[in-house]
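Peer 1: Take this sequence and fold it.
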Amino acid sequence: MLEGPHSRFDEFFTLLRIMADFLRGFRVLHFVGPCVTVFGSARIKTDSADYELARRMGAGIARLGFTVMTGGGPGIMEAANRGAREAGGCSVGCNIRLPHEQRPNDYLDRCVTLYYFFVRKMLLVKYSYAFVVMPGGAGTLDELFDALTLIQTGKIKNFPIVVLGTAYWRELITLLEKMARLGMIAESDRRLIFVTDSVEKALAHIREKAIEPFGLRRVVRRHFPWLGEQGLKTAGS
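Peer 2: Next up is the predicted model:
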């Protein structure tokens, strides 16, 4: 798609493939309920402290009543999905088709595999009331700043962004402070990110900034058993 202009015929079929990706995502994820999306590296191993932190975070998010959403792959994504599953919550993933195939992890109640990265990013944002960013690489940075920019520009509501891992993200936080000091971003933009090492503080922040302001309420789920016995629902749904 991005290697340059094509014939109008080819561009039309590219548009159809993009639309098919969106339709596939909407169909699979329509009933998952309010989500919290967890971003982080696929390269984290199961014996890593970050893996265990993500697992605990996934379990805590599920206990709040949210569906845990990730990119569906290994590493941090698997850990968060695993934590949600072990806590009796709902766990979903938006996997991506890559030249070296990324297999969906084994802890997903629902999963959609997509061709286009930008469709995947949109779906990871669309269903979420909060974002948790854990140690990761270029893709994680892309996802963090995509969410931050959408909130900053008012394209989505003021959903909380939690960054876990003060040591790992120290230089990035310093850069954001410098950007605010030089007027490249507003001080209020910098405060959109909550940085902590504590799962408990992260969950308290999500509860305060996502559940109460957006009118989410606890419900008993009867029609979709795979979602778990209890979860959150928007006031008008």
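
Peer 1: secondary structure element for the spatially most central residue of the chain?
Peer 2: If you average the C-alpha coordinates of the chain and look for the closest C-alpha using Cα atoms, centre = their mean, you land on Thr37, 2.3 Å from that point. Here Thr37 is covered by strand 35-39, with elements defined by DSSP states H and E.

Peer 1: Only C-alpha atoms, please: export that strand in PDB.
Peer 2: What follows is strand 35-39, C-alpha atoms only, in PDB (Å, rounded to 0.1, in the frame of the first residue of the first chain):
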ATOM      1  CA  CYS A  35     -11.700  -2.400  27.700                       C
ATOM      2  CA  VAL A  36      -8.400  -1.300  29.000                       C
ATOM      3  CA  THR A  37      -5.600  -1.800  26.400                       C
ATOM      4  CA  VAL A  38      -2.200  -2.900  27.500                       C
ATOM      5  CA  PHE A  39       0.800  -2.100  25.300                       C
END
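
Peer 1: ok, residues contacting whichever helix or strand comes after that strand?
Peer 2: Using DSSP H and E, the helix or strand that follows strand 35-39 towards the C-terminus is helix 49-64. Identification of contacts with helix 49-64 by Cβ atoms under 8 Å, 6 or more residues apart in numbering yields 36, 38, 40-41, 44-45, 68, 75-76, 78-84, 86-91, 132, 134-135, 164-165, 199-200, 202-203, 206-207, 211, 228, 232. Glycine gets a C-beta too; all of them are placed from N, C-alpha and C.

Peer 1: one more time with 6 Å
Peer 2: For helix 49-64, the surrounding residues in contact (Cβ atoms under 6 Å, 6 or more residues apart in numbering) are 36, 44, 68, 76, 79-80, 82-84, 87, 89, 134-135, 199, 203.

Peer 1: Kindly indicate which of these lies nearest Ile151.
Peer 2: Val36 (14.7 Å; Cβ to Cβ).

Peer 1: How many residues are close by that closest one?
Peer 2: The number of residues packed near Val36 is 32, by other Cβ atoms under 10 Å.

Peer 1: Same question for Ser188.
Peer 2: When counting by other Cβ under 10 Å, one arrives at 9 neighbours for Ser188.

Peer 1: likewise Pro99?
Peer 2: A total of 5 residues lie near Pro99 under the criterion other Cβ under 10 Å.

Peer 1: again with Ala130
Peer 2: The number of residues packed near Ala130 is 27, by other Cβ under 10 Å.

Peer 1: Ok, the one 4 residues further on next?
Peer 2: The burial count assigned to Met134 is 26, neighbours taken as other Cβ under 10 Å.

Peer 1: With the one 4 residues further on instead?
Peer 2: Here the number of neighbours of Ala138 (other Cβ under 10 Å) works out to 8.

Peer 1: what do you get for the one 4 residues further on?
Peer 2: By the other Cβ under 10 Å criterion, the neighbourhood of Asp142 contains 14 residues.

Peer 1: Nearest residue to it in space, please, no chain neighbours.
Peer 2: Excluding the flanking residues, the one nearest Asp142 by Cβ to Cβ, 6 or more residues apart in numbering is Lys121, at 7.6 Å.

Peer 1: quick one on the thing from earlier: hmm, which two among the contacts of helix 49-64 are most spread apart?
Peer 2: Farthest apart among the contacts of helix 49-64 by Cβ to Cβ are Gly89 and Pro135. That separation is 22.7 Å.
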